[in-house]
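Asker: Can you look at this prediction? I've put the sequence above it.
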Amino acid sequence: MQTHAQVVVIGGGVVGCSVLYHLAKFGCKDAVLLERDELTSGSTWHAAGGMHTINGDPNVAKLQKYTIELYREIEEISEQPTGLHLTGGVMLAATEARFEWLKSLVAKGRYLGIESRIITPERAHELMPLLDPACFVGALETVVDGHLDPSGTTHAYAKAARKLGATIERHTKVEELVQCADRSWRVITSKGEIRAEHVVNAGGLWAREVGHMVGREHPVLAMEHMYLITEDMPEVAAINASTGREVIHAIDFDGELYLRQERGGMLMGTYERAGKPWSEDSTPWTFGHELLSPDIDRIVPSLEVGFRHFPAFQKAGIRKIVNGPFTFAPDGNPLVGPVRGLPGYWCACGVMAGFSQGGGVGLALAQWILNGDPGFDVWAMDVARFGDWASKAYTNAKVRENYSRRFSIRFPNEELAAGRPLRTSPIYDRLKAAGAQFGAAAGLEVPLWFAPDGVTDSFSWHRSTDFATVGAEVSAVRNHVGLMETTSFAKYTVNGSGAASWLDRMLTCRLPAPGRMVLAPMLKEDGRLIGDFSLANLGTQGYLIIGSGVAEEYHLRWFQQHLPSDGSVSFTSLAGGMVGLAIAGPRARDLLARVTRADVSNAALRFMDIRQLPIGLASALVGRVSYTGDLGYELWCEAGVQLHIYETLWEAGRDLGLRLFGSRALNSLRLEKSYGSWAREYRPIYGPLEAGLERFVAYDKAAAFVGKEAACRERDAGGLRRLRTFIVDTDRTDVIGDEPIWFGEQVRGWVTSGGYAHGSGLSVAMGYVEREIADSEGPWSIEILGRRFPARLQRVPLFDAEGRRQRG
Ligand SMILES: Cc1cc2nc3c(=O)[nH]c(=O)nc-3n(C[C@H](O)[C@H](O)[C@H](O)COP(=O)(O)OP(=O)(O)OC[C@H]3O[C@@H](n4cnc5c(N)ncnc54)[C@H](O)[C@@H]3O)c2cc1C
């Protein structure tokens, strides 16, 4: 066995083999895959081999599309058949709510280049004669759906990788991973040692055990999963004879079932409600090519629906039931990418749909390892979307929930209950008593809105029970003053002799003077956004960076990767140690003046000023800035005094019309200002010019900030698209995100976010459109749940376009 490698991939399942193939394809000649047994010895060998492009998340849908398109390529290079059957398929809706969801998927497919169409139950029956059309209200027909042979596919990746120069060592178990002083890895195996620059954890069922070798508990858990295969069915033979084709795939969401032909019979699998975790604490190394005992009782409720929806099954004999384990992350998406604090250690685990996603995972990871960037938007599968807060018990609760809801609808206003509350701020109980309806962001409870007694969210694609109350919260902010909890933001401090020059290189803006704040985009080498922050200069206290809470781990990883090695900069995440409150609205200054002895007049505390001020008996860092676009202040304090400051503000604000508001009202308010937000408008696929952030890019500053050359090129060439705000002429439905934007009869953009701007009484959508048409009068329209609504371009912010309120 070789003693050195650029990359060691641990695990020869479909994912590890895809990673190896992509490394070899992109020219890495020195990649070796180590498999403790034979290839496919984990989940891979007993998979049902189904694959489809459609996914609720557009970026995951893109990587599934890539994966399926790859199979011909690896077949050609390897000369190993993958057993590819591209049958096409139908996705079935038994309820109107599900049908609306299917319509939104077709709409998304329009800008992703995924071909699909809405059809009637009768047409679905013509395409897939085993279903009973009376059980469904509508369906979606997909073109690129099918199945393949899991073993053949894995071997095709492996052979293709070998042909391109990669090496595979079977029966070679990785037993220990030790990082050396030069950051390389000692990979200690059952057959000797390899020194590697990079190691990839593609350990599948053993991903946790491989994680333990580097001292990490990756948030993955295996669940048992069952599918049955019938004896040959005459109905199947009849369909094959009359169409000359296989029976096409079907997904019956309301039955929680998927179906496909298997030889002369059918395969039916289910994500049952009573899902069962497998090997909750550790996966035995002795587990190999084994199946688990079937537990038919668990899947009976789903099968009963299945036998009703597909009546031919009632007479079919069952040939076998397969029960096998495979792993999930808490939200069901893969865990891919570098892990903070472990240079050269990479994850490619938690891939629950290896045959739909494995190719995209391999592509992203290989590009990331070799080029320093995954090459496309991988946020939905980035391992950094989970921080240390994602404990083993949290993972267990979430994975069970995710499995049992695999085919359930998640409405845009629906918050899932498992694993909560986990992280709470000191005023959680007060907010709860005031009616707060919470959502969870990175494990932290965040107030969404404050419900009157007896009112709760009713889940829907349309405006719901919160509509009037959120409107009243917005009105309180625009006309009086509102109070909001802001703990969910990420907070970082930067200190040390090198702090200023380092920040100058990391961020695109000019550094603020002491006591001032600025908006601070951050770019990658390719000139695309990797963060947008508020940066405050706290004078002798160093710098404070405020950023997106859900991206805290992601940004920490980036900042830490770029820290100078000479110790001149100290970078700290304050996490829950610093908590926040914000007040906003025309009476916000009056309220602040009542709780502090400091001068907070417009001259003493200007827009974008930041000061440490006494508040009641305590003190807080007060920044004059507000994401509402109104006169407003953010108050940052240590956790221990948040309750005191909250009560002090509350008492002082009673006669000013003070009202609590939540993040739904905040969303409504920021839309009126066309303010974008991280992970929606600002993502690592957009340049600052495209995102309308160019005024925060100091193209001419002396510091060679990361991404400067590329940003200058974007500025000169103009970029491909522009972020725009639209007013949508809709009725009771607002955009959610990912809807297509039509220009005349062509889809020329997509929505990033939106909602109802209560202050203006208008439905707003923000999104990207092609640059050439970005300032055109249209005709524009936006497709929501299958209906096109006229839209018009909103060229200036709806609220206070001159910014008088926030500056006045
Ligand atoms: C019943 C069932 C049906 C399924 N149906 C589908 C389907 O229709 N479509 C679909 O896309 N997916 C399906 N899946 C899921 C699919 O099987 C997984 O997504 C996929 O197999 C994950 O592959 P992997 O490479 O990540 O992990 P694994 O297949 O678990 O591979 C990991 C490999 O790593 C090796 N390994 C681990 N630790 C070490 C070590 N220390 N040293 C050396 N080697 C090591 C193991 O031996 C193993 O071979 C199904 C799964 C099950 C159980």
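Answerer: Nice, I can see it.
Asker: And the closest residue in space to L689 that isn't next to it in sequence, how far from D532?
Answerer: Nearest non-adjacent residue to L689, counting by CB to CB, 6 or more residues apart in numbering: G719, 4.7 Å away. Heads up, the C-betas are built off the backbone N, CA and C, glycines and all. Distance, G719 to D532, using CB to CB, to the nearest Å: 17 Å.
Asker: go on, E647?
Answerer: 33 Å.
Asker: out of those two, which sits in the busier spot?
Answerer: Neighbour count, other CB atoms under 10 Å: between E647 and D532, D532 has more, with 23 against 13.
Asker: host element of that one?
Answerer: Counting by DSSP states H and E, the element that carries D532 is strand 529-537.
Asker: Give me the angle between the helix or strand that that strand is followed by and strand 529-537.
Answerer: The C-terminal neighbour of strand 529-537 among helices and strands, as given by DSSP H and E, is strand 543-547. For strand 543-547 against strand 529-537, the angle by axes from the mean of the first three to the mean of the last three CA atoms, to 10 degrees is 140 degrees.
Asker: Extract the CA atoms of the helix or strand just after strand 543-547 and return them as PDB.
Answerer: Downstream of strand 543-547, the next assigned helix or strand under DSSP H and E is helix 552-561. Taking C-alpha atoms only, helix 552-561 is exported to PDB below (Å, rounded to 0.1, in the frame of the first residue of the first chain):
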ATOM      1  CA  GLU A 552     -22.500  31.400  12.600                       C
ATOM      2  CA  GLU A 553     -20.600  28.100  12.200                       C
ATOM      3  CA  TYR A 554     -20.200  28.800   8.500                       C
ATOM      4  CA  HIS A 555     -18.700  32.200   9.100                       C
ATOM      5  CA  LEU A 556     -16.600  31.100  12.000                       C
ATOM      6  CA  ARG A 557     -15.000  28.500   9.800                       C
ATOM      7  CA  TRP A 558     -14.200  31.100   7.200                       C
ATOM      8  CA  PHE A 559     -12.800  33.600   9.600                       C
ATOM      9  CA  GLN A 560     -10.700  31.000  11.400                       C
ATOM     10  CA  GLN A 561      -9.400  29.600   8.100                       C
END
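Asker: which other helices and strands contact helix 552-561?
Answerer: Contact analysis of helix 552-561 by 3 or more CB pairs under 8 Å, 6 or more residues apart in numbering; DSSP states H and E lists strand 490-495, strand 529-537, strand 570-573 as its packing neighbours.
Asker: List the buried residues for the longest helix along the chain?
Answerer: In the chain, taking DSSP state H as the definition, the longest helix is helix 58-78. Applying a neighbour-count criterion of 16 or more other CB atoms under 10 Å, one finds 58-68, 70-71, 74-75, 77-78 buried in helix 58-78.
Asker: so, in contact with the ligand or not, that helix?
Answerer: No: legend: contact between helix 58-78 and the ligand by CB under 6 Å from any ligand atom is lacking; minimum distance shown is 8.9 Å.
Asker: What of stretch 271-290?
Answerer: No: applying CB under 6 Å from any ligand atom, one finds stretch 271-290 separated from the ligand by no less than 7.3 Å.
Asker: where does that stretch sit relative to the chain's centre, distance-wise?
Answerer: Relative to the chain's own centre, stretch 271-290 is displaced by 26 Å; criterion: CA atoms, centre = their mean, to the nearest Å.
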